[in-house]
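1. fold the following, please.
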Amino acid sequence: MKMIEKAPVWREVITRETLPKILDAGINPQFADLINKCNTEYLYWDKFKYVYNSDLLPPESAWAFLKITRNTQIKKIALTDTQGRNFGYWLPDSLIKELHYLDQHASGEILVEDPYVPSGERNRFLISSLMEEAVASSQLEGAATTTKVAKEMLRSRRKPRNRSEQMIYNNYITIRQIKDSKDEPLSVGILKSLQASLTKDTLDDKSTSGRFRNQDEPIVVRTQDGDILHDPPPASELPKRVELLCNYANDNNKARFTHPVIKAIILHFWLAYDHPFVDGNGRTARALFHWYMLKSGYWLTEYISISKVIKRASSQYYRAFLYSEKDEQDSTYFLHFNLKAIRIAINEFRKYLSRKTKEVKEAESYLVRYPGLNYRQSQLLYHALTHPDTVYTFESHLNTYGVTYQTARTDLLGLVEKDLLVQLKKGKTYRFMPVDDLKKKLMPRARLANVRLTTGHKK
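-> Got it, this is the predicted structure:
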């Protein structure tokens, strides 16, 4: 990550000579439309200067006007920077539109109540999403392993082989358990417990897990060239600052209403800014966001992976944080990025659900010759048709569908009895693979050609 370009000091741009020109430009419809566009996309100076294309004002003066329109709208919060200046945010129409979308689509009721999706299948969607979130959040913090390998570890319950896999395993366990405390007020204990769970067996100094950093443990976030990107508050200020964070999270005063999604994102930013722990601050901040979203009734948060979206645009994610810190404590930049990321995650889940619902229906049509199979067996066979080299185990099955060991055993052995899977043994582990003629057993002849094409097999 590189240092961001320093924006012009807008107060120095406004002089007796420039002020009348700035005010005159503000009433020009074309200029006003351009400023509104820049606020809709919430551009920082490094992009604004390239998008701005009006002859009415030089870019520096136009930036001053843009800053005036923002500063008159800013709502201050209790979080302060290291110089004691309060952070704040405002909600341009574009962000209000994003919030409206989330309020409409993030409850999860319509998406997961499709009559074609069995309740147990919804549990599989949830588990798959939790895995995606655990892997992506850990990879953002440097976990060096592929998503495929990480998911195999989680499904098979294989012990982590290295620190990267341990990070992912910790993240998965933490996210699965996070809703157990959603009905409690946020406390120092919850924050420390989250960090301890996320960093278990991954730190060089195990004593730093589950506690705030001490005064002899300063943290500075630097660029690859050694420049300081972020210098968090000193450890001596952390008790008071974390208390303010908890008070902000627990404040239900209707006279000071803050939209829950906005508050969840602010909590994410707040914890990341304070960096109260020696390690694991980013993962803890995203877990805190997840916790508050569930606490506020956004149940769809369980089904979507926001970190996966963030990972694809990680440079934008970090820049949004730096913009918020460096541009007069305007955390709207961070809100803008995260609201967009949440919407993308929801849309991706909707597409995923649509695809999986179609697969459920197709699986039912393929398996007409084998009545009595439950949805887990049907889905496994459907998966085996398109992934003929996959090896299944009791552990992978129970972790994929969130069932007990006995249920997983009954499912797989039942498919062996019907001569649809073959049972093998490697060491003490039973392994299951599809029989060679699975397609012929399951599918009408007319459909075989299509499956061969989609799976890459020739006639």
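
2. wait, a strand at His336?
-> No - counting by DSSP: H, G, I helix; E, B strand; the rest coil, His336 is not part of a strand but helix.

3. who's in contact with the residue lying closest to it once chain neighbours are set aside?
-> Closest residue to His336 apart from its sequence neighbours, by CB to CB, 6 or more residues apart in numbering: Tyr42 at 4.2 Å. No exception for glycine: its C-beta is placed from N, CA and C like everyone else's. Taking CB atoms under 8 Å, 6 or more residues apart in numbering as the contact definition, Tyr42 lies against 92, 94, 332-333, 336.

4. tell me where the stretch 251-400 of the chain has helices.
-> Remark: helices assigned in the stretch 251-400 of the chain by DSSP state H, counting those that start in this stretch are 260-274, 281-295, 306-312, 314-326, 332-366, 375-386, 394-401.

5. relative to helix 332-366, how tilted is the second one?
-> So the one you mean is helix 281-295. Interaxial angle of helix 281-295 relative to helix 332-366 (axes from the mean of the first three to the mean of the last three CA atoms, to 10 degrees): 70 degrees.

6. how many other residues sit next to Gly297?
-> Gly297 is flanked by 13 other residues according to other CB atoms under 10 Å.

7. mind checking how far it is from Arg343?
-> According to CB to CB, to the nearest Å, Gly297 stands 18 Å off from Arg343.

8. per-domain residue ranges of the chain.
-> According to automatic domain parsing, the chain comprises the domains 10-72, 77-351, 370-455.

9. ends of the first one, what's the gap?
-> From the first residue to the last, domain 10-72 extends over 14 Å; the measure is CA to CA, to the nearest Å.

10. got it, and the longest one?
-> Criterion CA to CA; first-to-last residue distance in domain 77-351 is 37 Å.

11. touching, Gln379 and Glu359? I think so.
-> Yes - assessed by CB atoms under 8 Å, Gln379 is found in contact with Glu359 at 7.4 Å.

12. strands of this protein, start to end?
-> Ranges of strands within the chain are 75-80, 86-89, 221-222, 228-230, 421-426, 429-434, based on DSSP state E.

13. Tyr352 is nearest to which of the ones you listed?
-> Across the strands of the chain, Tyr352 has its closest neighbour in strand 429-434 (23.9 Å, CB to CB).

14. buried residues, the closest one. List them.
-> By 16 or more other CB atoms under 10 Å, the buried positions in strand 429-434 come out as 430-434.

15. helix 394-401 and that one, what's the angle between them?
-> 60 degrees.

16. give me the angle between strand 429-434 and helix 375-386.
-> Inter-element angle recorded for strand 429-434 and helix 375-386: 70 degrees (by the same axes, to 10 degrees).

17. show me what strand 429-434 packs onto, helices and strands only.
-> Identification of packing neighbours for strand 429-434 by 3 or more CB pairs under 8 Å, 6 or more residues apart in numbering; DSSP states H and E yields helix 375-386, helix 405-417, strand 421-426.

18. and among the ones you listed, the most buried is which?
-> Stretch with highest mean neighbour count among these: helix 375-386 (a mean of 20; mean count of other CB atoms under 10 Å).

19. so which elements touch that one?
-> When contacts are defined as 3+ CB pairs under 8 Å, 6+ apart, helix 375-386 sits against helix 119-140, helix 332-366, helix 394-401, helix 405-417, strand 429-434, helix 438-442, helix 445-455.

20. what mean pLDDT does the longest one have?
-> I take that to be helix 332-366. If you average the pLDDT over helix 332-366, you get 84.

21. and if you look at the last one?
-> Per-residue confidence for helix 445-455 averages out to 44 on the pLDDT scale.

22. want to throw the helices and strands packed on strand 429-434 into JSON lines with mean pLDDT and distance to Ser305?
-> Below are these laid out as JSON lines (pLDDT from 0 to 100; distance: least, CB to CB, whole Å):
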{"stretch": "helix 375-386", "mean pLDDT": "84", "distance to Ser305": "20"}
{"stretch": "helix 405-417", "mean pLDDT": "94", "distance to Ser305": "24"}
{"stretch": "strand 421-426", "mean pLDDT": "90", "distance to Ser305": "30"}
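
23. mind checking which of these is nearest Lys192?
-> Closest of those to Lys192 is helix 405-417, at 33.0 Å (criterion: CB to CB).

24. residues contacting the closest one, please?
-> By CB under 8 Å, 6+ apart, the list of residues contacting helix 405-417 from outside reads 373-374, 376-377, 380-381, 392, 394-395, 397-398, 401, 403, 421-423, 430, 432.

25. returning to what we had before: pick the one among the buried residues of strand 429-434 closest to Cys38.
-> The nearest member of the buried residues of strand 429-434 to Cys38, counting by CB to CB, is Pro434 at 55.9 Å.

26. what's the spacing between that closest one and Phe48?
-> Pro434 sits 57 Å away from Phe48, going by CB to CB.

27. and Arg409, by the same measure?
-> Going from Arg409 to Phe48 by CB to CB gives 61 Å.

28. just Val278 next, same as before
-> With distances taken as CB to CB, Val278 is found 37 Å from Phe48.

29. which of the domains of the chain sits closest to Met3?
-> domain 77-351 (5.3 Å).

30. now the closest one: how far from the chain's centre is it?
-> Averaging C-alpha positions (CA atoms, centre = their mean, to the nearest Å) puts domain 77-351 7 Å from its chain's average.

31. picking up where we left off before, Throw the helices of the stretch 251-400 of the chain into a markdown table and include distance to Ala78, thanks.
-> Formatted as a markdown table, these follow (distance: least, CB to CB, whole Å):
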| stretch | distance to Ala78 |
| --- | --- |
| helix 260-274 | 9 |
| helix 281-295 | 16 |
| helix 306-312 | 25 |
| helix 314-326 | 15 |
| helix 332-366 | 16 |
| helix 375-386 | 49 |
| helix 394-401 | 42 |
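
32. which one of those lies closest to Lys206?
-> Proximity to Lys206 (CB to CB) singles out helix 281-295 among those, at 16.7 Å.

33. please name every helix or strand in contact with the closest one.
-> Here helix 281-295 touches helix 119-140, helix 163-177, helix 188-199, helix 260-274, helix 306-312, going by 3+ CB pairs under 8 Å, 6+ apart.

34. how about 7 Å then?
-> Where contact means 3 or more CB pairs under 7 Å, 6 or more residues apart in numbering; DSSP states H and E, helix 281-295 is packed against helix 119-140, helix 163-177, helix 188-199, helix 260-274.

35. pLDDT weak spots in the chain?
-> Across the chain, residues meeting the criterion (pLDDT under 70) sit at 1, 107-125, 360, 363-364, 366, 368, 443-459.

36. center of it - which residue?
-> For the chain, Ile306 is the residue whose C-alpha lies nearest the centre (CA atoms, centre = their mean; 2.0 Å).

37. next up, the contacts around that one.
-> Applying CB atoms under 7 Å, 6 or more residues apart in numbering, we find Ile306 in contact with 341-342, 345.

38. what is the burial count for the nearest residue to it once chain neighbours are set aside?
-> Nearest non-adjacent residue to Ile306, counting by CB to CB, 6+ apart: Ala345, 4.9 Å away. By other CB under 10 Å, the residues close to Ala345 number 24.

39. right, I'll call it a day here.
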